[in-house]
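>>> Using only what follows, build the 3D model:
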Amino acid sequence: ESNFILKAKSRKKAIGLWQFMANTGKRYGLKKDEYIDERLDIVKSTKAAIKYLKHLHKMFGKWYIVAIAYNCGEGRIIEGITRATLDMYCNDNKNCKKNKTIRQYRKIIREYQKGNAKFRELYKIYEIVTKWKYKPTIKHLLIEQKGLKRQYIPNESRDYIRKIIVLAMMNNSNFLIADNNSHLLNRGICDLIATVKVKGGIHLKNISDIIDISNEELQNLNQHIVQNIIPFSNKQYNIYIPYYALAQFNNNIKK
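Have a look, this model is predicted:
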C-alpha cells in the first residue's frame, strides 16, 4: 500500500510502511504522542500488521479477503459480503423482492451506508447470512454492478487484490526461477539494521556523531522519533542503526 515509502500518507491520514490509521495503530499497540509515532517504526509497525492480518484471518478465513479488508477496513468488506450473499440468494429465489426479511436487511444496509445505522446492526445480518449456503468468492466480489456507484468492494481495493492475485500466480509458476529471472527474488534485500537501546532525552544527532554516520541517514531509519529526541519519559527506548555501525555504537555509547 505504501510502495515501501516509510513516510507515505494517505488521504485518510493512514501513514507508514503499513498504512495504519491512528485508531487501528493504537489498537495494536503503536504509541503516538508529541515525541513518537510508532506507525512509522519499521519493526513495531510490521509486528502490529502481522497481528492485524492474523485477526482478519480469524474473522474471514481466506487470505484474499484479508488483503481486501486490510485495504478498505473490515466493516466495508463485511458490508460487501453481506450484499453479495443477499444478491446470490435473490438470484435463486424469484420472490425475493416480496420477502419482508430480505427487504428489512437491505433497508438496514442502505441506512448503514448513509451513516444512519450502527455497525452492530449490519453485523447481525452478516452473522445470519454467512450461515446460508451462499458463499461469495473473489469472482463474485469483483463483479461489476452496473448503475451502482458503491460496488461490493471499493475500486482501490479491487485493483489491490488483482495485483496480489497476479503476483501469487507469478510466484507459483516457473517465471521466477526460469529464463534468468531468479534475480527478481532478491529485490527486497537491503542493508541490515540493528536495534539498540538509548536513554530518554538524547538527540539523534548525538548518536549519529558517535557512530559516524549522517544525521539524515539515522533519521531515515527512525522516522517514528518525531522531534528527533528520544522521549524524556522513557528510561530506555529502541532505535535503529545500520548493522555495520553496531560495534562503534557499543564502543562509544557510554560517552
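
>>> Same question for the helix or strand bottoming out on mean pLDDT in the chain: list its buried residues.
Every helix and strand in the chain was compared by mean pLDDT, DSSP states H and E; the lowest is helix 155-171, with a mean of 87. By neighbour count, and taking 16 or more other Cβ atoms under 10 Å as the criterion, the buried residues in helix 155-171 are 157-158, 160-161. Heads up, the C-betas are built off the backbone N, CA and C, glycines and all.

>>> Now do the longest helix seen in the chain against helix 155-171, angle only.
The helix of greatest length in the chain, counted in residues with DSSP state H as the criterion, is given as helix 74-92. Using axes from the mean of the first three to the mean of the last three Cα atoms, to 10 degrees, one finds that helix 74-92 and helix 155-171 are set 90 degrees apart in direction.

>>> What residues of stretch 16-33 count as buried?
Of the residues in stretch 16-33, those buried under the neighbour-count criterion (16+ other Cβ under 10 Å) are 16-20, 24-25, 28, 30-32.

>>> no wait, stretch 226-243
Along stretch 226-243, the positions that meet the burial threshold by neighbour count (16+ other Cβ under 10 Å) are 228-231, 234, 237, 239-242.

>>> do stretch 248-255 as well
For stretch 248-255, burial by neighbour count (16+ other Cβ under 10 Å) applies to 249, 253.

>>> residues making contact with it?
Outside of stretch 248-255, the residues that reach it under the criterion Cβ atoms under 8 Å, 6 or more residues apart in numbering are 194, 196, 198, 207, 210-212, 241.

>>> do the same with stretch 9-27
Outside stretch 9-27, the residues that touch it by Cβ under 8 Å, 6+ apart are 1-2, 4-8, 28, 30, 32, 37-42, 45-46, 48-49, 52.

>>> Quick check on those: which are buried?
Neighbour-count burial (16+ other Cβ under 10 Å) is assigned, among the contacts of stretch 9-27, to 2, 6, 8, 28, 30, 32, 37-42, 45, 48-49, 52.

>>> Among the residues you listed, name the ones in helices.
Among the buried ones among the contacts of stretch 9-27, the members falling in helices are 45, 48-49, 52 (criterion: DSSP H).

>>> which SS state does N116 fall under?
coil (DSSP: H, G, I helix; E, B strand; the rest coil).

>>> Ignore what I typed, I meant I241.
The three-state label given to I241 by three-state DSSP is strand.

>>> from memory it sits against I210, does it?
No - I241 lies out of contact with I210 (Cβ atoms under 8 Å); the separation is 10.2 Å.

>>> so can I have TSV of the buried residues of helix 155-171 showing distance to Q151?
Conversion of the buried residues of helix 155-171 to TSV gives the following (distance: Cβ to Cβ, whole Å):
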residue	distance to Q151
S157	9
R158	7
Y160	13
I161	12
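
>>> Now flag whichever of these is closest to I65.
Comparing the buried residues of helix 155-171 against I65 with Cβ to Cβ places I161 closest, at 8.8 Å.

>>> if you skip the residues just before and after it, what's nearest to that closest one?
Closest residue to I161 apart from its sequence neighbours, by Cβ to Cβ, 6 or more residues apart in numbering: I68 at 5.3 Å.
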